[in-house]
Each structure stands twice: as structure tokens, then as C-alpha cells.
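> With the input below, show me the fold.
(chains A, B and C)
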Amino acid sequence: MTGNEAMAESAVRSGCQFYAGYPITPQNELTAYMAKRMPEEKRVFIQAESELAAINMVYGASAVGRRAMTSSSSPGISLKQEGISYLAGSELPAVIINVVRGGPGLGNIASAQSDYFQATRGGGHGDYYTPVLAPAGVQEASELVSCAFDLADFYRTPVLILADAIVGQMMEPVTLKAQSAAKQRGLAKGGRTAHSARKDWALGKKKKKPQNIIRSLFIKEGALEAHNQKLLTKWNKIKSQQQRHSTYKIKDADYLIVAYGSQARIVQAAVDSLRKEKIKVGLFRPISLWPYPVKALKRAAKGVKKILVVEQSLGQMVEDVKLTLATKNIYFMGRAGGGIPQETEIINWIKKNL
Amino acid sequence: MKIIYDLPKSLKKVPAHYCPGCGHGIVHRLVAQVVDELNLGKKIIGVAPVGCAVLAYDYWNFDVSEAAHGRALAVATGIKRCLPDNFVFTYQGDGDLASIGLAETIHTANRGENITCVFINNACYGMTGGQMAPTTLLGQKTATTPKGRESEKKEGWPLQISDIIAGLKGVSFVARSSVSNPARVKQTYGYIKQAFGKQIDKKGFSLVEVLSPCPTIWQKTPYKAGRWVEEKMSKVFPLGIIKK
Amino acid sequence: MKKKFQVKIEKNKCKGCGLCIAYCPVKHLVFPKDLNKKGRKYAQVNKENKCIGCGACFLICPDAAVKIYEEK
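Numbers count the residues shown, from 1 in each chain, chains lettered A, B, ... in the order given. All right, here's what the predicted structure looks like:
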């Protein structure tokens, strides 16, 4: 299966009841898959008139308590930012998949990691964050989609999947879980997976309260500040509970390479080559880009001589690494616009900078 | 004593924040009245716009969602598709429906979504201080057409959005009325009830446009604002059923 | 027997827009000289009850401040 298809099937198996999307490369396989699969399960698929409409349809579906998802690629995600801000403000759960392509503007349709800032800093207007999960392969992509639904329901927040075009388009064997994979991976920390949450706040429910309102407007003096403080408490909780990462051969490493998504796969190959030459290199791969896995990165960086951050961008995640570690030994290698830092480039850099 | 004109149960007993003579209060009451009469209280879900009526949920006694500016019909689509047996309507102004939300409006109507739209046309942007709306009349002075709207200056003509929507196949009912005098209020009530009826019968998209006075922005007394609706606005936007 | 009606206007909900007064066919409604709690003019019924129960004031009131009763 391609990454796009695996994410779609995983969404279906995770109980996604509503999908709305708009065509954009390189995520079209996902929308097409949902167009076929969702009606089979008697669930809702809508090809919306725009990304704006799609995200707001998701807003409506989420407002009535349904698991809802949309997907797009960079320029389309820019359009969705308005809706994501409203989702965050109204505390509505939703899953948004961004299969990132090159930018700015129309850019191109090649793989890129240039939406890191947008994804990890809220992205739209207002003071908010969304959890961001970055898969490095098809299996993980499918599992993280499932996890994203649980996180979204549990914390009442939109959750972003930041995949790149390589992850979206490549084919790999995948074992799909029958249902939410979150429990098995210990991903939805905090006990109950919110899959079964009752969502008493949703519209159209039979309930004792006469009225439920979905709102992000708080016009009375002090009301918005109080709401923002409430959201801050939530972000802080997510920050402390939901940092995810993986490491590769870092135990005795003198040199640490930090990379995520498809780029981490390339780095892993470089690590293997360098290890054969007895150069002690390890890989640190953030899986949650927000919250950034600061605790684990600090541990991994202990005693390391140099840290190299490799990205398919001109240098975005490197800022989080610098913020986390506050040392001078952090170096950056990146290419943008569809350029991908190659295994040999990484090997050569390490050898030159030993 | 027997009460013969009573307020609907779906309307909260609180004073509204609207200016004196504003048409929103009347239309809020009419919607609540129809909800009561058709016994939709437990099934109704409203979508409030961005504009003066964003706080409509402070006055209605049922479930309401906000929507981003212009996106009410997209939000309503999401709701209705998930809960097809519930009753879903949007309440939108001219800027919301006919300008920033034009794509959502046309496509929701064209898909034939089984949703009712109550469209308040007051020929201006009231909440932001009276700028030109797509429905502003030629010659009408606004904050952004200080000399009056002129088509020669490429400011466009009053957009006949209801007529455009009526031309789409997915649409079951379109009518235009006003709340400028008691007789028109009654007519508007009838249209809203018919439109809601179309949704109950699963006939597709229905819309009622209500010409509604904005005395504050128009700088007229509430009575004269109503007269202006009858004498000027209704000439440009003729009242009656457009599609049935 | 001729039916008798009573209009009741919630004084503090009224914003004094005057629409009910303008559309009352029997000139039953007036502005008293004082102001309501909110410092606004407000509509009230005239002393002599001429109400015919037509409902015009109820229909046109933008503030849901009017109710009409029938006397028995």
C-alpha cells in the first residue's frame, strides 16, 4: 500500500465517520481511497468545493461528536488554517493530514519538510498549538493516524499528521490493526482512549441540558483571557504527556544526527554506512514535532561531540533543536524545493567534520 | 385572561443586544416560532454566522454552532450529513452568504443539501460599521462608498443572490420577504415555515431571504428604515416566492 | 359580546424603537414621559383600552417585549 492509502484505511479502521477533501497532489490517493471506502462502511465522504469548505465541514461533523478527518498538501493546508484555528478555539477534535510538498506558493509536488514552522507553531491566527505527528514510513503512518484520532478526542483538539510526499507516495507492506493502535503502543497516555468518550458537549445529543453551544467567540471582558488560560493548561498537559521519538544506535554515539519523516530513513542508511567504518554515529528521530521530544533529545545529546540536523528545508526544525539543547555544537544540512539531502552528502559531512 | 400572542418557547427570555429597530430580533423570534410550531425543539441545530447575529445562541434555546465568516453552510453540511434526521439551518447575513461565503453558498445549494438557510439582507455590513455589501443599492452611501455605490466606478450592482440560487437544480424553495411592517413579518413567517417544511420532506436546499432594516447604519429612524425597505430595497429585490 | 384585549409590554426589554406605536391601527400605544431602567424611552398602553387584538405590535416588535391577552 502507499502511505496515503494506508493512512486512509487506518482512518476508516479508527472509526473515522466523516471525511471531506479537495484534490491536491501529492495526497490524491488518500481522497480517492476514502471516496471508495467510506460509502462501503455507510459513512460520509464529501468532495468539497475548496479546502476551506472541507475543513469547515469537518468542523460541523466534529461539532456533532463524530470522528472527522480531512487531508491536503501544503498550499491546501494554508487554506485550512482558518478552520484549524476555529477548531482549536472551539476545542473540537479532528485529524488533518498534510502530505507536504515544496513551497512557497505553488512550489512543486516533490517531497519537502518546509511546513514545519506552520505545523508546530499553531499555523493559523491566535494563541494555540496542535499536536503534530510525523511518520517515517507507511506502517508508522497508519499507526499514527489511529493515534491522532485518540489524541484528538482525548484532548479535544485538532491533530496534524505531517507526512511528506515520500511517505505519502511510497509503497511498503503494512499490517493494519483492526482498531485503534494507540493502546498497544501506549500512545494515548492517560488511561482511557477517548474513542469511547461520551462527548457530552456535542450538538444534537439527547441530554438533560437544554442547549449546547460550539463557540470560539468570547467577547465579554476577561472571558477570552480565561479561555486562553484554560487552553494553555491543556497545551502544557499535552507537552508533558505526549512527547514521542525514536532513536537508532545512539548509545555510544559521538555524533548525533537529528531528522524526522522520510529524511530520517535516509539518515538511518547513512548511520549504518558510517558505523561500518567504525564512526560512532546515531540517529534521533522526533515523532511528535509538537510537543517536541525535548526530554529525550536532551538525554540523547549527553556526551555527544557534534549534532547535525538534516531536513528537507532551509532550516526549520533545527531551531527547536537549538532551543532544546542550547549548545554551540549544532550544525545544519538542508535542501529545499524538492532537493533531498542524500546519504552520501550526510556521510561526507560527518567525515569532513570528525 | 387567555394569551393570544405569546412568545415562542425556543426563544430565551432575555433582552437582545441589537440596536433599537433592528430586524434580527424579529427574525430570531420568527425562527423560534416555527421551531415551536413544527415541534422541532429536540432535533434542531442552528449555525450562527459572523456578524451581528453571531450571538444568536444567547437568544435561542437550542443547540447552535458558530461558524467562521462565510462558512456556515459548510459547517451545516458536516452536521446534516452526520445527523440526517436532525433539522439543520443556517442564519447568515449578506456579507457572509453573498460575498465571502459565495462558494460555500452556491455549492451547498447545488449539492442539494437538505438544509434551510435564513438569509438576512440589510444591504450593508452592520457589525463592522456599515461598509458596502454585495447587496448595497446603487447610490447607497456606506463607509466604503462615501459618495454612494456606483456601478460606473466598478463597484458593481446589487447582487441578486437568491435568484442565482433559485436557478440551481438542488434547490427546492427560494422566497424573499421583509420585516418592514406587520404584514410582511407574517409573510416572512409563512416563508420560513414553508422552507423548513421542505427540509422535513427531504426536498433539498431551501432559502428565505429577509430584507431587514439596519436603522443605525442607515441613519434612519426605525420607522423610516422600514419605509426605505418597502420603497427602495423591495424595488431592487422584489418580494415573493422565487422558486417552489 | 365584543371581545376585549390587553397588550402587555415588558418595560425594561423595550428599546423605544417606536415601531409598535407607528403600526398600531387604533393609536393605543404611546411613549410615557419617563425612561426605563436602561435609560431608554419605552412604549406603553394608553389609559383608555382601544386594543382590537390585531397583533401588529407583537409582530413588529424587534425585542420580543410584547404579549397580547384576551379578556374573558
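
> isn't there a strand covering residue B:55?
No: the assignment for residue B:55 by DSSP: H, G, I helix; E, B strand; the rest coil gives helix, which leaves it out of any strand.

> so how far is chain A from it?
8 Å (Cβ to the nearest Cβ, to the nearest Å). Backbone N, C-alpha and C define where each C-beta goes, glycine included.

> who touches that residue in this structure?
The neighbourhood of residue B:55, defined by Cβ atoms under 8 Å, 6 or more residues apart in numbering or on different chains, consists of A:217, A:219, B:17, B:48.

> Go again with 10 Å.
Taking Cβ atoms under 10 Å, 6 or more residues apart in numbering or on different chains, we find residue B:55 in contact with A:215, A:217, A:219, B:16-18, B:24, B:48, B:64, B:66.

> can you check residue B:54 too?
Contacts of residue B:54 (Cβ under 10 Å, 6+ apart): A:215, A:217, A:219, B:48, B:64, B:66-67, B:69, B:91, B:93, B:96, B:127.

> Likewise for residue A:18?
So residue A:18 contacts A:34, A:38, A:43-46, A:57-58, A:60-62, A:64, A:66-70, A:94, B:78, B:81-82 (Cβ under 10 Å, 6+ apart).

> Nearest to chain A: which residue in chain B?
Residue nearest to chain A within chain B (Cβ to the nearest Cβ): residue B:78, separated by 2.5 Å.

> For that residue, give me the pLDDT.
Looking at residue B:78, its pLDDT reads 98.

> same thing with residue A:179?
Looking at residue A:179, its pLDDT reads 57.

> just the one 5 residues further on next, same as before
For residue A:184, the pLDDT comes out at 41.

> my guess is residue A:340 meets residue A:259, correct?
No: under the criterion of Cβ atoms under 10 Å, residue A:340 makes no contact with residue A:259, lying 11.2 Å away.

> more crowded one of these two?
Under the neighbour definition other Cβ atoms under 10 Å in any protein chain shown, residue A:340 and residue A:259 were set side by side, and residue A:259 has more, 28 against 20.

> pLDDT weak spots in the chain?
You didn't say which chain, so I picked chain A. Within chain A, the stretches with pLDDT under 70 are A:178-197, A:207-208.

> actually it's chain C I care about, not the one you picked
In chain C, residues with pLDDT under 70: C:1.

> May I have the residues that are in contact with whichever residue of it sits closest to chain A?
Going by Cβ to the nearest Cβ, chain A is nearest to residue C:64 of chain C, at 17.3 Å. Contacts for residue C:64 were tallied using Cβ under 10 Å, 6+ apart; they are B:7-8, B:11-16, B:25-26, B:28-29, B:32, B:59, C:10, C:13, C:58.

> Only whichever of the residues you listed are buried, select them in PyMOL.
To isolate the buried members of those in PyMOL, using 16 or more other Cβ atoms under 10 Å in any protein chain shown:
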select buried, (chain B and resi 7+8+11+12+15+16+25+26+28+29+32+59) or (chain C and resi 10+13+58)
